[in-house]
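Undergrad: with the sequence up front, the predicted model follows.
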Amino acid sequence: MVQGYCVKCKAKREIKDPEKITMKNGRKATKGTCPTCGTKMFRIGG
């Protein structure tokens, strides 16, 4: 269960299909989609 902020819904939601990635600067992040509207979501941090 990973939560992120959806800019389109303006609310915190659970990220659907979360995928752990590493950014160019080496920091960990998680990306996925909003379960309500389908917008891409992004969260920095493990």
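TA: Happy to help now that I have it.

Undergrad: where's K31, which helix or strand?
TA: strand 28-33 (DSSP states H and E).

Undergrad: what's the mean pLDDT across that strand?
TA: Average pLDDT, strand 28-33: 96.

Undergrad: buried by neighbour count: which residues of it qualify?
TA: T30, K31, G32, T33 (16 or more other Cβ atoms under 10 Å). Every residue, glycine included, has its C-beta placed from N, CA and C.

Undergrad: which residue is the nearest non-sequential neighbour of the spatially most central residue of the chain?
TA: Nearest residue to the geometric centre of the chain (Cα atoms, centre = their mean): F42, 3.2 Å. Spatial nearest neighbour of F42, chain neighbours left out: K31 (5.0 Å); criterion: Cβ to Cβ, 6 or more residues apart in numbering.

Undergrad: isn't that neighbour right next to M23, touching?
TA: No. If you go by Cβ atoms under 8 Å, K31 and M23 don't touch, sitting 10.0 Å apart.

Undergrad: returning to that earlier point: assign the residue nearest to the centre of the chain to helix, strand or coil.
TA: Secondary structure, DSSP: H, G, I helix; E, B strand; the rest coil: F42 is strand.

Undergrad: tally of neighbours for the closest residue to T33 other than its chain neighbours?
TA: With Cβ to Cβ, 6+ apart as the criterion, T33 has its nearest non-adjacent residue at 4.9 Å, and that residue is K16. K16 has 13 neighbouring residues, counting by other Cβ atoms under 10 Å.
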